[in-house]
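Participant: got a predicted structure here, sequence first:
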Amino acid sequence: MNIEELNRALVALIEKKAELHTLTYDDARYDDVEEALHDLEDDFNEEYGDYLETALDKVHTDLKSDTDVLLPTAYLPSTPGSTPSPKEGVWVDSEKYPGKEARITLVPNPVRIMLTVGKQVQQELWKAV
C-alpha cells in the first residue's frame with residue numbers, strides 16, 4: 001500500500017467535498033462538482049476500500065461497537081483540517097463510551113482514524129502504515 005498516494009487521494013476527496021459545501025444548489029457549478037466528488041469517492045473506495053474497511057472493522061471491534069462498518073468515504077470530515085469537529089464522521093455506539101456521542105473520522109496528514117467523543121476526547125485509533 002502506497003500511503004503517500006492514499007494520503008493525496010484522501011486530501012483531494014476532502015477538498016472536493018469542502019468545495020461542494022461552499023456551493024448552493026442553484027450554483028451553475030454544483031452538478032459538475034457533485035459529479036466529480038462522486039467519481040472521486042468511487043475511485044477512492046475501489047482503490048483503498050478493502051484496506052480501509054479492514055482498519056475500520058478493527059476499530060469498530062476495539063470500541064465494542066455494534067454499529068455497521070460503512071464505506072470509507074462515509075467517515076470523511078467536511079473540511080481538510082487534520083482535527084475533526086465533534087459533529088464530523090460517523091456516529092458509533094460504543095460500550096467504552098456509553099451514553100456519549102462517539103464519532104469516527106478518517107483524516108489525512110497522516111492518514112488515520114480518529115475518535116471524537118464530545119468536545120473533550122480526541123483519540124487516534126489507527127494510523128496507516
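Facilitator: Nice, thanks for sending it over.

Participant: neighbours around residue 17, how many?
Facilitator: When counting by other CB atoms under 10 Å, one arrives at 19 neighbours for residue 17. (C-beta placed from N, C-alpha, C; glycine too.)

Participant: check contacts around it.
Facilitator: Counting by CB atoms under 8 Å, 6 or more residues apart in numbering, residue 17 touches 37, 76, 78.

Participant: I'd say the second one and residue 11 touch.
Facilitator: Which is residue 76. No: shown here, residue 76 and residue 11 do not form a contact pair, counting by CB atoms under 8 Å, at 10.6 Å.

Participant: more crowded one of the two?
Facilitator: Comparing residue 76 with residue 11 by other CB under 10 Å, the one with more neighbours is residue 76, at 22 against 15.

Participant: and the pLDDT at the more buried one?
Facilitator: pLDDT for residue 76: 95.

Participant: any idea how far residue 111 is from it?
Facilitator: 12 Å (CB to CB, to the nearest Å).

Participant: and for those two, which residues touch both?
Facilitator: By CB under 8 Å, 6+ apart, the residues touching both residue 76 and residue 111 are residue 10.

Participant: which other helices and strands does the lengthiest helix in the chain contact?
Facilitator: In terms of residue count, the longest helix belonging to the chain (DSSP state H) is helix 30-62. The contact analysis (3 or more CB pairs under 8 Å, 6 or more residues apart in numbering; DSSP states H and E) places helix 30-62 against helix 3-21, strand 102-107, strand 112-117, strand 121-127.

Participant: how about the first one: buried residues?
Facilitator: In terms of neighbour count (16 or more other CB atoms under 10 Å), helix 3-21 has its buried residues at 6, 9-10, 13-14, 16-18, 20.

Participant: cool, and the third one?
Facilitator: Neighbour-count burial for strand 112-117 flags 112-117 (criterion: 16+ other CB under 10 Å).
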